[in-house]
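> With the input below, show me the fold.
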Amino acid sequence: MLQCIFLLSDSGEVMLEKQLTGHRVDRSICDWFWEHAISQGDSSKLQSVIATPTHYLFQILREGITFLACTQVEMQPLMAIEFLCRVADVLSDYLGGLNEDLIKDNFVIVYELLDEMIDNGFPLTTEPNILREMIAPPNLVSKVLSVVTGNSSNMSDTLPGTTASCVPWRTADTKYTNNEVYVDLVEEMDAIINRDGVLVKCEIYGEVQVNSHLSGLPDLTLSFANPSILDDIRFHPCVRYRPWESHQVLSFVPPDGQFKLMSYRVRKLKSTPIYVKPQLTSDAGTCRISLLVGIRNDPGKMIDSITVQFQLPPCILSADLSSNHGTVNILSNKKCSWSIGRIPKDKTPSMSGTFVLETGLERLHVFPTFQVGFRIMGIALSGVKIDKLDLKNLPNRPYKGFRALTRAGDFEVRS
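All right, here's what the predicted structure looks like:
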C-alpha cells in the first residue's frame, strides 16, 4: 500500500504532492531523498527501491521528472515501480510530453488522474482508454471554458461503460472508415566493452509496439518466426496467456490507439554493429586521446545518428579536441559530445586531441567511459522476426504495416 506520491523537478523542488491514505507523509522525506540522490552522483543510475530509516521509497526518472512514492509497510516493490511507470506514461500521453511547465500548467488534471488511478494506496484504474472517458485531455477549448465558468474540472458526469466490460481496455462502439494496424519492433542494444576491446556483455531489450485503428471488437493473432530466443517476456493485460504458453502465439483484443503489446530480452549476443577504439596516453601533465569509430558487422541497413559522449575527469583543466568527420562539443559540465551521424565510405571517423591535467598531476589515473549512440532503421538486430498477423471480427479487409528499429541503449566502451 502506497501512502504518498511526490513529483520532483530536476532541481529537487516538490511540484506535486498526493497523500493517499489517512497517514500523512511529511515532505522532509523528499529532502532526504534528494540529498541521497546527489551523494550518488549520476541520478539516472539511482536504485529504484531505497530504504530510509523511516520509509521505503520507490522512484523512477522520466524526462528530468522524478516520480517518488513512499510507504511504511511491506509491499511488492515491482507493483509500486510498475504503477509509477503507468502514471508517467498516462501523464505523458495526456499532456503531450513531460516537463515541469506542463505539470504546473495542468495541476487539476494531474490530481484528477491520480484520484482515479489509485484508491487508498492501491492501484485502481490505469488503462488510458477508460481514463480518457472519465477525464477529458486538456485542450484550448477546455482551458477557455475553465476561465469563463471558473470550473477547471475535466471530470465526466457518467461512468464509462468499459468499467463493467470483460475487455476494459477497449470501448465496444469504436468505428473507423479505414481499418489499419501498425506493428513496430523497437529494440535497444545494451553492451559493455572493456579496455582490451573484449565484449563483456551484449543483449537486446525490445518492445512490440502496436498502433491500432480498428472498428468494433477485433481479435488479433500475432506469431513470430523464432519465439524461442525471447526471454524475460512481459505482456499487456490484453494478451491471452494460454495460447502463448502452448504455441508461442500472441492472441489479443487490442486497445484502441497506440500501446506496448509486449517487451522482451535477447541475451548473449556475440557482436555489435559498430566499434569504438579509444587510446589514451599521458605524461608530463598532459594526456593525448585518439578515438576511432567504424562498422564492425554490417547489418545491411544504414547506421545513422552515431554519437560518442564521455565525461571528462575532474582533474582535467582544459581540452582541445578535433575530428575529421562530424562535430565535437565540450559542454559546461565537462561532458564531451562527438556527433558523427553516418560513417562515410571513404574514411574512418576519428577524433584526437590533448587534455591539460591539473598542477602537480603527471599522469591521468581516472579514465573516461564512452557512451555510444546509434540508430538502424528497418532491422531488429536480435534476430526477432514477425511471421504473420491475422485479424478477425472486422467488417472489411484492414491495412497492416510492419517496421523495425534498433538503437543503442546503455552502450559503454571503457578505456
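> which residues in the stretch 1-150 of the chain form strands?
Ranges of strands within the stretch 1-150 of the chain are 4-8, 14-19, 49-51, 56-62, 65-71, 118-119, 122-123, based on DSSP state E, counting those that start in this stretch.
> Which one of those lies nearest to K301?
strand 56-62 (29.6 Å; Cβ to Cβ). Yep, even glycine has a C-beta here, placed from its N, CA and C like the rest.
> chain center to that closest one: distance?
For strand 56-62, the distance from its own C-alpha centre to the chain's C-alpha centre is 14 Å (Cα atoms, centre = their mean, to the nearest Å).
> Now do that strand: which elements does it pack against?
Applying 3 or more Cβ pairs under 8 Å, 6 or more residues apart in numbering; DSSP states H and E, one finds that strand 56-62 makes contact with helix 28-39, strand 49-51, strand 65-71, helix 77-95.
> Return the distance of stretch 69-86 from the chain's centre.
The chain centroid and the centroid of stretch 69-86 are separated by 18 Å, computed with Cα atoms, centre = their mean.
> For that stretch, what does the pLDDT average out to?
When the per-residue pLDDT values of stretch 69-86 are averaged, the result is 91.
> buried set for that stretch?
For stretch 69-86, a neighbour-count test (16 or more other Cβ atoms under 10 Å) marks 69-71, 75, 80-84, 86 as buried.
> what's the burial count for the closest residue to I229 other than its chain neighbours?
With sequence-adjacent residues excluded and distances taken as Cβ to Cβ, 6 or more residues apart in numbering, I229 is closest to V266, at 5.4 Å. By other Cβ atoms under 10 Å, 22 other residues sit near V266.
> Let me know the pLDDT of V266.
At V266 the predicted local distance difference test score is 95.
> ok, back up a step: quick one: the strands of the stretch 1-150 of the chain as CSV, columns for distance to P278 too.
Converted to CSV, these look like this (distance: least, Cβ to Cβ, whole Å):
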stretch, distance to P278
strand 4-8, 35
strand 14-19, 40
strand 49-51, 34
strand 56-62, 28
strand 65-71, 33
strand 118-119, 47
strand 122-123, 46
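> can you pull the contacts of the spatially most central residue of the chain?
The centre of the chain sits closest to R62, judged by Cα atoms, centre = their mean, with a distance of 7.5 Å. Contacts for R62 (Cβ atoms under 8 Å, 6 or more residues apart in numbering) come out as 88, 92, 98.
> which of those residues are buried?
By neighbour count, with 16+ other Cβ under 10 Å, the contacts of R62 hold 88, 92, 98 as buried.
> tell me the contacts of the first one?
Read it as A88. Contacts were defined as Cβ under 8 Å, 6+ apart; by that measure A88 touches 60, 62, 65, 67, 98.
> go again using 6 Å as the cut-off
Under the criterion of Cβ atoms under 6 Å, 6 or more residues apart in numbering, the neighbours of A88 are 62, 67.
> so how far is L98 from it?
Relative to L98, A88 is positioned 7 Å away (criterion: Cβ to Cβ, to the nearest Å).
> same deal with the second one?
Using Cβ to Cβ, one gets 5 Å for the distance from S92 to L98.
> Pick out the least confidently modelled helix or strand of this protein, by mean pLDDT.
helix 140-149 (a mean of 53; mean pLDDT, DSSP states H and E).
> so after it, what's the next helix or strand?
Using DSSP states H and E, the helix or strand that directly follows helix 140-149 along the chain is strand 180-193.
> List of residues touching that following strand?
Contacts with strand 180-193, where a contact means Cβ under 6 Å, 6+ apart, come from 199-207, 209-213, 272, 380, 382, 398-413.
> Pull out the buried members of those.
Neighbour-count burial (16+ other Cβ under 10 Å) is assigned, among the contacts of strand 180-193, to 202-207, 209-210, 212-213, 272, 380, 382, 398, 404-408, 410-413.
> right, and S339 touches G326 too?
Yes. Counting by Cβ atoms under 6 Å, S339 does reach G326; the two are 5.1 Å apart.
> Mind checking which of those two has more residues around it?
For the pair S339 and G326, the greater number of neighbours falls to G326 (19 against 16), based on other Cβ under 10 Å.
> show me where pLDDT drops low in the stretch 51-200 of the chain?
Filtered on pLDDT under 70, the stretch 51-200 of the chain yields the residue ranges 139-166, 172.
> The same query, at a cut-off of 80, please.
Scanning the stretch 51-200 of the chain for pLDDT under 80 picks out 129-130, 133, 138-168, 171-173.
> So which of the helices and strands packed on strand 56-62 is nearest K334?
The closest of the helices and strands packed on strand 56-62 to K334 is helix 28-39. By Cβ to Cβ, the value is 17.2 Å.
> list the buried ones in that closest one?
29-30, 33-34, 37.
> of those, the lowest pLDDT goes to which?
A37 (86).
> ok, the residue lying closest to F122 once chain neighbours are set aside - contacts?
Take F122 and drop its neighbours on the chain: the residue closest to it by Cβ to Cβ, 6+ apart is M1, 6.2 Å away. Residues in contact with M1 (Cβ under 6 Å, 6+ apart) are 73, 75, 121.
> Let me know the pLDDT of the closest residue to the first one other than its chain neighbours.
Think V73. If you skip the residues right next to it in sequence, V73 has M1 as its closest partner in space, 5.7 Å away by Cβ to Cβ, 6+ apart. The predicted local distance difference test score for M1 is 86.
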